[in-house]
Every structure is written in structure tokens, then in C-alpha cells.
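Engineer: After the sequence you'll find the predicted model.
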Number of protein chains: 2
Amino acid sequence: MRAGVGLLDRLGTVAIIGVGLIGGSVGLALRTRKLAEWVVGIGRDAGRLAEARRLGAIDEATTDFQRGCAGAEVVVIGTPVTRVAADVALAARHAARGALVTDAGSTKRQIVEQIEQDETSRAVFVGAHPIAGSERKGAAFARADLFEGRVCVVTPTERTPADRLARARAFWSSLGCRILVRSPESHDAALAWTSHLPHAVASALAASVPPELLALAAGAYRDGTRVAGSDAALWTGIFLANRGPMIEALDDFGRRLGAFRAALVDGDEAALSSLWEQGRANRNRYAEHDPPESSEYPESCST
Amino acid sequence: MRAGVGLLDRLGTVAIIGVGLIGGSVGLALRTRKLAEWVVGIGRDAGRLAEARRLGAIDEATTDFQRGCAGAEVVVIGTPVTRVAADVALAARHAARGALVTDAGSTKRQIVEQIEQDETSRAVFVGAHPIAGSERKGAAFARADLFEGRVCVVTPTERTPADRLARARAFWSSLGCRILVRSPESHDAALAWTSHLPHAVASALAASVPPELLALAAGAYRDGTRVAGSDAALWTGIFLANRGPMIEALDDFGRRLGAFRAALVDGDEAALSSLWEQGRANRNRYAEHDPPESSEYPESCST
């Protein structure tokens, strides 16, 4: 490993375990921005790795974790949440001395707890979650600009080494992310509302509409169910890793829908209008946080 | 009025009552496609009419319903569902002899029942619902191609004059719509699932997320709540006009969400996965019906 892995230096070798949508986008961003001298993709499926290489997401592909991690200054874990802790343990044992290991999992508490039980992992690991994904799977949908302007939540604990934390912040920043630091628990409690609940709702909505009526589906169905096309194993893993906060969010959502139903039964125009305005106000608040990317996602879709 | 208002002839004068997003798009489509010699916009707000004229959606603007309708071969009602029946009655009395009056309301049973109680209205009216809208309001968001490839449900009853039905089909087809013919009841039962339920769900979801967490909102929230920004009065009217079918749809959706909650409580991976796959399968069926408009709405949004 080179001397002087300062925050502003170009990285030497970065290894990415799991070169799917997120891992592939990390690779593309590193290579496009010339942030690393060499990007190694590591995975279990040689075919997928070859595709990632063909797409320019990595310089080199290997199914040999030990060889792939050797010499890496940074190892990014891009595998599903159920596999992150095991892959961190492997990376911690095979990466260069002084390496940083970070992940991109959508839940953090369970992952960080598992990882901190292993001293070797704990010494090198900083949890992270770049809030940028898609219902699409695989390096074919990776984009060099996937992280630009996106929030990345970094989730240290009191046991996280300070130098690794600084490097994890610098690493995700260098890909274009805006960094927020939260505890793993605080991250999971927030994401239950802002991502996991919306996924569960999208899935139930997608399933509700009788198939013979889909020809009459409007834009509200299309947009409201987009993420329901995501990978089942990935999302089942996320839901199970964040059960408590998700049940809370589901119950609150259920109460709101119940109030809506009651207003409908009563034909109560004022109550319906008030419920609608609550949603509209929050949606408008959100739009201020995250202005529509007009060139990419014009929101003038059909209803 | 000209002789020979055949299905293939260019129309003379078309009047549009309510020149908002839908009415404005009808005007733009008529003028861009050169389907009418003259397009008159009629409304209650002179400022909005002037804007619609400036935007090229109409040739002439007036707040005088009688003058505006006089001489029109076709009158399109683009006002909210709570106003459609009254505007049809006005149009039926002031339009040229032989005129067709059609609407674009999102619900049909109540509107058609009201209209059929008035003999003058009934003799000229054919209900229609082009399934193309937006959470945006006003002629400023109108588009000449809003109806291209979109389904328009035409909802005659046994009392609808056959010649008007043929002309309504030809009219909406000429704007680019694919025509489906359904009874008003069948339309409303379907749209409760395909549009009204998704709107109620989007609204409850938008309201659920605590405001202080919106900075962490992911693409699933953004897309799942897009339509929650729509106009409150418009949607309250639609919900109240379709209470029965909507309550049924809400209850089915609630049962699915309940099953999801139960699987979470039990930590039942197989059940969660099965529920997720049901949503995914229906979402994929939908995508076959309505292939993504890749240039306009790339679905590679962030989650």
C-alpha cells in the first residue's frame, strides 16, 4: 500500500464485492472521476463480473475473494443486506493493512451489530447507505452519476475508528454524495418511513389491482408501483432486518388510510379535503428538499 | 353549421368549457393536428383563459357561455366532476343544432345519471374519460400529445344516441386516444382500483412520513407520492363521486397490507417473499400493457 492515503490523494486499488447496480455504479464513478488507479470487481458469478468489466465498471474481475481484496485500500461491499457482515469479515481479513471497508446496505442496525461482534471487522468497517438505487438489478443499469447529489448516511458507533470514519466520509463524498452521519438505529428508524414503508405500500398496491383491469391503469398506478418490480430476496432481507420500525410505520400509515375510509363512508367532504391537504403539504415540503430533476424525471406523467 | 359533419371531415368550431390541463391539451391537440377550424375556450376566469390563448391552446376566449357555445359542433367539458352535469346542461342549450357534447371527468356513473335526468342534455351527451392527466393544474402544463396512445373510456348508456356515440369515438380517437367502451358503472368500478385507490394511497403515504425525515426520502417515496400534490377540490370530488367502489378497493388493499404486517411480526420470510412476488407479477403484467415511455419517464429512478 502506498504511503500517504490522505483524504485528497487518488486511491490505489479499490475492491468492490458485489458488482450489481450499486457496486457497478461505485466502479463507474471511481473510474469516470479517476479517483482510483485500479478497480477490482469481486463476486460469485463469473458471468456477471465479465459483464461489469465489459461495461467499464471495473478494471479487473475475480471470483477469488482473497486475491481480489489483497492490496485494496478500500473495499466496498455491494451485496444484499443478508450477506454484508460475512463479506465484511472476508474483506477485513484479506485487504491491505490499514484498509477501509464500507458497505451500501439499506439497513444498518443489524449489520453493524453483527460486524462489531468480530474484532477484525470492527477495526476497519464503517457502515454507509447511499440513498440511490432503483427497482432494476445488475451492473447493466449502473450509472457513473448515480450518487451525484444523493444523500449517503454514514453510521458510525462509538467503537468505529475515527480515521476510518474520516476516510469513509471522504470516500462517499468523492463519488458525489452529500454525507449525513446517524447512528445505525436512527438510520433504520428513518428509512422505515422514507423507503421501506413506501416499498411495502407499492407492493400491496401493485398486487391489489385485478389483472383484467390493468389496461385501465393510470399514471398514479404506474408511479405508485414502480419499485414493486424490485428483487424479492433483496427486499425480503431488508424488511426482516428492520421489522420493529417498519411495523410502527405500517401502523401509522394504516391509521391514516382508516381515517380516509371513515371520511368516505360518512361522505365527509371537509374531512377528505383536510386529509388530502396533509399529504399535499408534506409532498410539497419534500419537493423543497429534493427539487425534481426535471430533465430526467419530468413529473408531468399521466394520472 | 356546415353540412356533412362526417367522421372524417375537419370540424368547424369546437368549444372547450374549462381550459385547464385537460381542456388545454384538447385545444392544443385540435390546433396542432388541424382537426378544427376554430377553437373557443370558455371559462369563468378571464385571466386563465387569456393564458390558455397565449399558450396557443385556443383561438378565442370568452366568459360568455352562450356566445362561446353558439355554433360549436363539439363542446368538450373539462371542468371538475362536480361541475360537469351543469356545464353539459348549459352547452346542450347553447351549442349548434346537432352538436355533440362530451366530457373528460374521472368518474362517470353519477355524472351520467345527473345528465340523463335532463332531456336536452341526454340528447347530445356522450360521457368520456381520457386516462391522461397529471398532478399539475392549469393550461400551462397542457400538451398537444397528452392523449397520444392513451386509453379513453367512452361510457354510453342505452339512452345515448347512436350517432353521438359514433362521433364521440371519432372525436377522442382523432386526438390520439385508444377507445374502450364501458358502462358508466363498469368504468367507475375499474377506475376505483386503477386510479382512485392509488391516489388515496399516495396521499396517505405522503402524509405519513414525519417532516423532519423528508431529507432522507428515497425515490420510492418520491414516485409513490407524486400524485399527492394534485388539487384537493378536484380529488375530493372524485372520491365522493365513487365512494362505494373506492371503499371496496381500500378494504382489499388494507387486507394485503395486513398480511404483510402479519408476516413481519412473525418474521416469516416465505410469506413476505410470496406477497412481494404477487406485487411484482402484477407490476410486470402492467408493464406489458403499457410499456415504459423510456424517453420521457426513464424508470431508473433512485430508491
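Structural biologist: Nice, I can see it. Numbers count the residues shown, from 1 in each chain, chains lettered A, B, ... in the order given.
Engineer: Okay, helices next: where are they in the stretch 201-303 of chain A?
Structural biologist: Listed in chain order, the helices of the stretch 201-303 of chain A (DSSP state H, counting those that start in this stretch) span A:219-224, A:232-240, A:243-266, A:269-289.
Engineer: Can you say which of those helices is packed in most?
Structural biologist: Per residue and on average, the most neighbours among these fall to helix A:219-224, with a mean of 27 (mean count of other Cβ atoms under 10 Å in any protein chain shown). (Each C-beta comes from the backbone N, C-alpha and C, glycine too.)
Engineer: Off-centre distance for that one?
Structural biologist: Between the centre of helix A:219-224 and the centre of its chain there are 22 Å (Cα atoms, centre = their mean, to the nearest Å).
Engineer: which helices and strands does that helix pack with?
Structural biologist: Using 3 or more Cβ pairs under 8 Å, 6 or more residues apart in numbering or on different chains; DSSP states H and E, the elements in contact with helix A:219-224 are helix A:197-208, helix B:197-208, helix B:219-224.
Engineer: pLDDT (mean, whole number) over that helix?
Structural biologist: Helix A:219-224 comes out with an average pLDDT of 94.
Engineer: With stretch A:112-132 instead?
Structural biologist: For stretch A:112-132, mean pLDDT is 97.
Engineer: Check stretch A:173-188 too.
Structural biologist: On average, the pLDDT along stretch A:173-188 is 97.
Engineer: now swap in stretch A:69-86 and tell me
Structural biologist: 96.
Engineer: any chance of the helices of the stretch 201-303 of chain A in CSV, plus distance to residue A:19?
Structural biologist: CSV is the format used below for these (distance: least, Cβ to Cβ, whole Å):
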stretch, distance to residue A:19
helix A:219-224, 29
helix A:232-240, 15
helix A:243-266, 29
helix A:269-289, 31
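Engineer: which residue packs closest to residue A:276, ignoring adjacent ones?
Structural biologist: Leaving aside its sequence neighbours, residue A:276 sits nearest to residue B:232 (Cβ to Cβ, 6 or more residues apart in numbering or on different chains; 4.5 Å).
Engineer: Tell me how many other residues crowd residue A:130.
Structural biologist: By other Cβ atoms under 10 Å in any protein chain shown, 26 other residues sit near residue A:130.
Engineer: can you pull the contacts of it?
Structural biologist: A:22, A:104, A:146-147, A:150-152, A:172, A:175, A:177 (Cβ atoms under 8 Å, 6 or more residues apart in numbering or on different chains).
Engineer: any idea where the helices of the stretch 1-150 of chain A begin and end?
Structural biologist: Going by DSSP H, counting those that start in this stretch, the stretch 1-150 of chain A shows helices at A:21-32, A:46-54, A:65-69, A:81-94, A:109-116, A:119-122.
Engineer: closest to chain B out of the ones you listed?
Structural biologist: helix A:21-32 (8.9 Å; Cβ to the nearest Cβ).
Engineer: now what about that closest one, what contacts it?
Structural biologist: A:11, A:14, A:16-17, A:19, A:35-36, A:39, A:41, A:52, A:55-59, A:76, A:78-79, A:104, A:130, A:132-134, A:136-139, A:141-147, A:175-176.
Engineer: Show me what counts as buried in that helix.
Structural biologist: Using 16 or more other Cβ atoms under 10 Å in any protein chain shown as the burial criterion, the residues of helix A:21-32 that qualify are A:21-31.
Engineer: still on that earlier bit, among the contacts of residue A:130, which are located in strands?
Structural biologist: Here DSSP state E is the test, and the contacts of residue A:130 give A:151-152 as lying in strands.
Engineer: and the contacts of residue A:130, which two are the farthest apart?
Structural biologist: Checked with Cβ to Cβ, the contacts of residue A:130 reach their widest spread between A:22 and A:151, with 14.3 Å between them.
Engineer: which residue packs closest to residue A:197, ignoring adjacent ones?
Structural biologist: residue A:249 is the one closest to residue A:197 (Cβ to Cβ, 6+ apart), at 4.2 Å.
Engineer: Same check on residue A:104?
Structural biologist: Nearest residue to residue A:104, sequence neighbours excluded (Cβ to Cβ, 6+ apart): residue A:22, at 4.8 Å.
Engineer: Please report how far the one you found lies from residue A:139.
Structural biologist: 10 Å (Cβ to Cβ, to the nearest Å).
Engineer: same question, residue A:281
Structural biologist: Taking Cβ to Cβ as the measure, residue A:281 falls 40 Å from residue A:139.
Engineer: neighbours of the closest residue to chain B within the stretch 1-150 of chain A, just the number please.
Structural biologist: Relative to chain B, the nearest point of the stretch 1-150 of chain A is residue A:133 (3.9 Å; Cβ to the nearest Cβ). By the criterion of other Cβ under 10 Å, residue A:133 has 28 neighbours.
Engineer: Check residue A:103 too.
Structural biologist: Residues near residue A:103, counting by other Cβ under 10 Å, number 32.
Engineer: How about the one 4 residues further on?
Structural biologist: A total of 27 residues lie near residue A:107 under the criterion other Cβ under 10 Å.
Engineer: Enumerate every residue touching the closest residue to residue A:77 other than its chain neighbours.
Structural biologist: Distances taken as Cβ to Cβ, 6+ apart put residue A:103 closest to residue A:77, at 4.0 Å, once the chain neighbours are dropped. With contacts defined as Cβ under 8 Å, 6+ apart, the neighbours of residue A:103 are A:76-78, A:84, A:87-88, A:111, A:125, A:127-128.
Engineer: do the same with residue A:122
Structural biologist: By Cβ under 8 Å, 6+ apart, the contact set of residue A:122 is A:115-116, A:159-160.
Engineer: Can you add distance to chain B and neighbour count and give the residues you listed back as TSV?
Structural biologist: Shown next, in TSV, are those (distance: Cβ to the nearest Cβ, whole Å; neighbours: other Cβ atoms under 10 Å in any protein chain shown):
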residue	distance to chain B	neighbour count
A:115	21	27
A:116	22	17
A:159	24	12
A:160	20	20
